[in-house]
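Participant: 3D model of this:
(6 chains)
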6 protein chains.
Amino acid sequence: MSLSHFDAQGQAHMVDVSDKEVTDRVAVAEGAVVMLPETLEYVLAGTAKKGDVLGIARVAGIMGAKKCSDLIPLCHPLPITKVALDLVPDAALPGVRITATVKTSGQTGVEMEALTAVSTAALTVYDMLKAVEKSMRIEGIRVVLKDGGKSGRYEAN
Amino acid sequence: MSLSHFDAQGQAHMVDVSDKEVTDRVAVAEGAVVMLPETLEYVLAGTAKKGDVLGIARVAGIMGAKKCSDLIPLCHPLPITKVALDLVPDAALPGVRITATVKTSGQTGVEMEALTAVSTAALTVYDMLKAVEKSMRIEGIRVVLKDGGKSGRYEAN
Amino acid sequence: MSLSHFDAQGQAHMVDVSDKEVTDRVAVAEGAVVMLPETLEYVLAGTAKKGDVLGIARVAGIMGAKKCSDLIPLCHPLPITKVALDLVPDAALPGVRITATVKTSGQTGVEMEALTAVSTAALTVYDMLKAVEKSMRIEGIRVVLKDGGKSGRYEAN
Amino acid sequence: MSLSHFDAQGQAHMVDVSDKEVTDRVAVAEGAVVMLPETLEYVLAGTAKKGDVLGIARVAGIMGAKKCSDLIPLCHPLPITKVALDLVPDAALPGVRITATVKTSGQTGVEMEALTAVSTAALTVYDMLKAVEKSMRIEGIRVVLKDGGKSGRYEAN
Amino acid sequence: MSLSHFDAQGQAHMVDVSDKEVTDRVAVAEGAVVMLPETLEYVLAGTAKKGDVLGIARVAGIMGAKKCSDLIPLCHPLPITKVALDLVPDAALPGVRITATVKTSGQTGVEMEALTAVSTAALTVYDMLKAVEKSMRIEGIRVVLKDGGKSGRYEAN
Amino acid sequence: MSLSHFDAQGQAHMVDVSDKEVTDRVAVAEGAVVMLPETLEYVLAGTAKKGDVLGIARVAGIMGAKKCSDLIPLCHPLPITKVALDLVPDAALPGVRITATVKTSGQTGVEMEALTAVSTAALTVYDMLKAVEKSMRIEGIRVVLKDGGKSGRYEAN
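Facilitator: Reported below is the predicted structural model:
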């Protein structure tokens, strides 16, 4: 097996997808921002309407998905048809769990868009809370589900 | 202590830094892409000149740092004066360790730029290797060092 | 009736349009920049070939339509197939009347693209004339016509 | 008096500000989205936590201010040091009143950034409510205050 | 024959392509950066793994193709399906020859995307070598091949 | 001498300019679009007010200068203080000669911004005339003057 982003000489290119079928595609990615319990308090207070950290990170994640092909050098620009983000405070972590779902009807998958949405939302959570804690960590960003297209369904276990 | 990104009514704003001093600032962030040993083989082969995964991710990370204020809603645009990324294959992980160093001479810090550089480079590593492994994970993105400015030096332990 | 940009929990998302039909869609929006008669003189002189305010605002409006999904958080990226702007000096206003027509063949409408085109052109008119008048106002930006797609034809009265 | 954005031959250029002093500058702009009373109800319900129209428009306005020099052809890129937006439902209008305050420490003013913030927030309000009313209008976008720099203080009356 | 980018009044617009067929389209463009023989030595050394000028210019060219409709005022945004760049050192020039191939499945051609890819790659070569030679020149950027669409095949001779 | 864009290991980075002095800097670049005499007729007719090719290319060039650090991977973002473009039809070429002047007050030069302005304007000229001639060529893009900063004045001969 070889890396599709490189040609026979090992030179990077944007893979030719012009012969691929236009199919409905979906991808789900997840990740988390891990923080101190007292930092999470600010998030919980925020959802209680004094500084909506999760609401702003959700918008940033949606907009981030749309910038994916601008950020990732060899990504194809795609007409995204849906982006949704779920940001859930989790006291057990403690921190915020982030899930992004992206859909398109196109010739290539949208897992990079979903991962970029999660990353951008996570960075935004960090940005909005960094005044109270610098030691937060972004963890476990990965693809949970990918479907549509020739390579078939992928589900993380 | 309160979140600087929200005003007294809890409404988001871009913090007023106009009275802050222009000082030299630096931030270092790190993270990793964890993968199967056989996926790492492709990276190692790449640095040996058949598909330079790390070289392309490095460029993506540098460009990502420049897009930080475009991606993160409440970030100030800053005249970045330096961006450097280090991407090191690590067989013990196994995977790729990423470190980004960003400098500016400005009124606010560059830790978000450094974190965005690491994130973008990590996403690019994922993109270039996803044809051989979908189960890679981006882990441990955090600020390692931040210096310059009124709040003083921060070093992760 | 509920707001389509929010889910059942009131959280913002980019609406799923993947099951909508691809149809030809058109939208027309309008607006105006109201100014002093002596400011309008500069515009009229400009069209007479000494500083083409309207020509530059027209280009800005066309480019603005293309940036719509980048500016408006929950807008879908769309393959625009036509943008035309009409900028007409109107001594009765006095000021400049702006109309934008945008077309696409896609799964969602282009009224936001048309409104963004008008807004960007109006802001550019302001920018180019602000040296002579700061009290200009942008007025009456609205959708005049929207057609194509399931929700049918809309015409302002 | 002549238009500074054109040279002696009437050709557009980005004005040379390199000899201007770096001073603290502020600008305030305002505008409104006028709607039916029943549409305003959705906004009011939203601030009550089912679809935060104003919160999302506020974020869009802040990000719009940062895109100003990218949208307006002859605008200088500026290191913005503050952006704040106020979005207030007004039953008398009926609609939403928007005010934006932008600061920089630079060689040219930020009134275009403030106007762009208001415009982008207004367009976002339209986008999020258009499912319930297409006849909304964006009205009265203007500069309310501009200060700092050689041309002195301007206040709308 | 008239210029399609202007209407009957001579006003610029983005041409209406909504009635054009969606067909597979390809364009190839080329150009060169001409330099002193001793500057070319740096490039050759670079491919030998100390500073990969051509690798970075290749990535820049691919990303440049994706920015085409953002840079060129009247260009349509297009879902690019392939971008490949070839950068070849040529001692006879002396300098670097650049070729870009772009594909889409759309309603208008991709020659502007191919030309933008070549231009951006050439500018990047200049940027990375300017410390050793300021007198480099970018020469001979042109369309070599264009195919697909109603206007038929074009080949440069 | 070594390439400043690479570190000792040959890895690309954005050069650290934080210790460089902030000085006034200027750069002038030039280039040309070479075309058939009958194509140039369209340009000349255009300046006579039926399709202003040069006016639109001038705006594109100014906006292109502002996108330089977004396009060229290792370029520093800079607060540009002036951009001016001159586009002159030349029957002897035949074609259009383009000159761009860019100024900043910063820690690094603006020759890349000037070259990007010329390139973008040239591409726009091509785009607007390609309906009548596909064989146009962009030629002779180079730096004519660079001044300010430690490396001193450079003038092409």
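Participant: report the helix or strand with the lowest average pLDDT across chain A.
Facilitator: For chain A, counting by mean pLDDT, DSSP states H and E, helix A:37-47 ranks last in confidence among helices and strands (a mean of 88).
Participant: that one packs against which elements?
Facilitator: helix A:53-66, strand A:80-90, strand A:95-106, helix A:111-129 (3 or more C-beta pairs under 8 Å, 6 or more residues apart in numbering or on different chains; DSSP states H and E). Any C-beta I mention is one placed from the backbone N, CA and C, and that applies to glycine too.
Participant: among the ones you listed, which comes closest to chain D?
Facilitator: helix A:53-66 (5.2 Å; C-beta to the nearest C-beta).
Participant: now do the closest one and helix A:37-47, the angle between them.
Facilitator: Compare the direction of helix A:53-66 with that of helix A:37-47 by axes from the mean of the first three to the mean of the last three C-alpha atoms, to 10 degrees and you get 90 degrees.
Participant: just give the closest residue to A:Ala84, not the sequence neighbours.
Facilitator: C:His13 (4.0 Å; C-beta to C-beta, 6 or more residues apart in numbering or on different chains).
Participant: buried stuff in the least confident helix or strand of chain A?
Facilitator: A:39-40, A:42-43, A:46 (16 or more other C-beta atoms under 10 Å in any protein chain shown).
Participant: OK, contacts around A:Asp7?
Facilitator: A:13, E:84 (C-beta atoms under 8 Å, 6 or more residues apart in numbering or on different chains).
Participant: give me every residue in chain A lying close to chain D.
Facilitator: A:49, A:52, A:55-56, A:59-60, A:63 (C-beta under 8 Å from any C-beta of the partner chain).
Participant: which one of those residues sits closest to chain F?
Facilitator: A:Met63 (16.7 Å).
Participant: so what's that closest one up against?
Facilitator: Contacts of A:Met63 (C-beta under 8 Å, 6+ apart): A:120, B:71, C:70, C:73, D:63.
Participant: tell me the mean pLDDT over stretch A:5-25?
Facilitator: Averaging pLDDT along stretch A:5-25 gives 88.
Participant: now for A:His76: which residues touch it?
Facilitator: By C-beta under 8 Å, 6+ apart, the neighbours of A:His76 are A:14-15, A:17, A:69, A:106-108, E:79-81.
Participant: circling back: tell me which of the helices and strands packed on helix A:37-47 sits most buried.
Facilitator: With neighbours taken as mean count of other C-beta atoms under 10 Å in any protein chain shown, these reach their highest mean count in helix A:111-129, at a mean of 29.
Participant: name the next helix or strand downstream of it, please.
Facilitator: Heading C-terminal from helix A:111-129, the first helix or strand you meet, by DSSP states H and E, is strand A:137-147.
Participant: is chain C contacted by that following strand?
Facilitator: No - judged by C-beta under 8 Å from any C-beta, strand A:137-147 and chain C are separated, with a smallest distance of 12.4 Å.
Participant: give me the contacts around the helix or strand just after that strand.
Facilitator: Proceeding N to C from strand A:137-147, the next assigned helix or strand is strand A:154-155, under DSSP H and E. Contact partners of strand A:154-155, identified using C-beta under 8 Å, 6+ apart, comprise A:143-147, B:134.
Participant: change it to 10 Å
Facilitator: A:27-28, A:109, A:111, A:143-147, B:130, B:134-135 (C-beta atoms under 10 Å, 6 or more residues apart in numbering or on different chains).
Participant: can you name the residues that contact A:Val88?
Facilitator: A:32, A:54, A:95-99.
Participant: can you do 6 Å?
Facilitator: Residues near A:Val88 by C-beta atoms under 6 Å, 6 or more residues apart in numbering or on different chains: A:Arg97.
Participant: again, but for A:Asp16
Facilitator: E:Lys82.
Participant: look up how far E:Gly148 lies from it.
Facilitator: 14 Å (C-beta to C-beta, to the nearest Å).
Participant: now A:Met14: how far from A:Arg153?
Facilitator: 25 Å.
Participant: A:Arg25 now?
Facilitator: Distance from A:Arg25 to A:Arg153, by C-beta to C-beta: 11 Å.
Participant: where in chain A is pLDDT low?
Facilitator: Across chain A, residues meeting the criterion (pLDDT under 70) sit at A:1, A:46-51.
Participant: with just CA atoms, put the least confident helix or strand of chain A into CSV.
Facilitator: C-alpha atoms of helix A:37-47 as CSV (Å, rounded to 0.1, in the frame of the first residue of the first chain):
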residue,chain,number,x,y,z
PRO,A,37,-12.1,20.8,38.2
GLU,A,38,-12.1,24.5,39.1
THR,A,39,-11.6,25.5,35.5
LEU,A,40,-14.6,23.4,34.5
GLU,A,41,-16.6,25.4,37.0
TYR,A,42,-16.2,28.4,34.8
VAL,A,43,-17.6,26.4,31.8
LEU,A,44,-20.6,25.2,33.8
ALA,A,45,-21.2,28.7,35.1
GLY,A,46,-21.0,29.9,31.5
THR,A,47,-23.7,27.6,30.2
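Participant: contacting residues around that helix?
Facilitator: By C-beta under 6 Å, 6+ apart, helix A:37-47 touches A:52-54, A:89, A:94, A:129, A:132-133, B:3.
Participant: spit out the contact partners of A:Ile98.
Facilitator: Neighbours of A:Ile98 in contact, by C-beta under 6 Å, 6+ apart: A:31, A:87, A:118, A:121-122.
Participant: revised request: answer the last question for A:Ser2.
Facilitator: Applying C-beta under 6 Å, 6+ apart, no residues qualify as near A:Ser2.
Participant: chain A against chain B: which residues are in contact?
Facilitator: Proximity of chain A to chain B, by C-beta under 6 Å from any C-beta of the partner chain, involves residues A:1, A:3-6, A:10, A:12, A:42, A:50-51, A:56, A:60, A:64, A:71-73, A:112, A:115, A:119-120, A:123-124, A:127-128, A:131-132, A:134, A:137-143, A:154.
Participant: isn't A:Ala60 up against A:Thr120?
Facilitator: Yes - judged on C-beta atoms under 6 Å, A:Ala60 makes contact with A:Thr120 at a distance of 5.2 Å.
Participant: quick one on the thing from earlier: could you dump the contacts of A:Ile98 to a markdown table with distance to C:Glu21?
Facilitator: Shown next, in a markdown table, are the contacts of A:Ile98 (distance: C-beta to C-beta, whole Å):
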| residue | distance to C:Glu21 |
| --- | --- |
| A:Gly31 | 34 |
| A:Leu87 | 32 |
| A:Val118 | 30 |
| A:Ala121 | 31 |
| A:Ala122 | 36 |
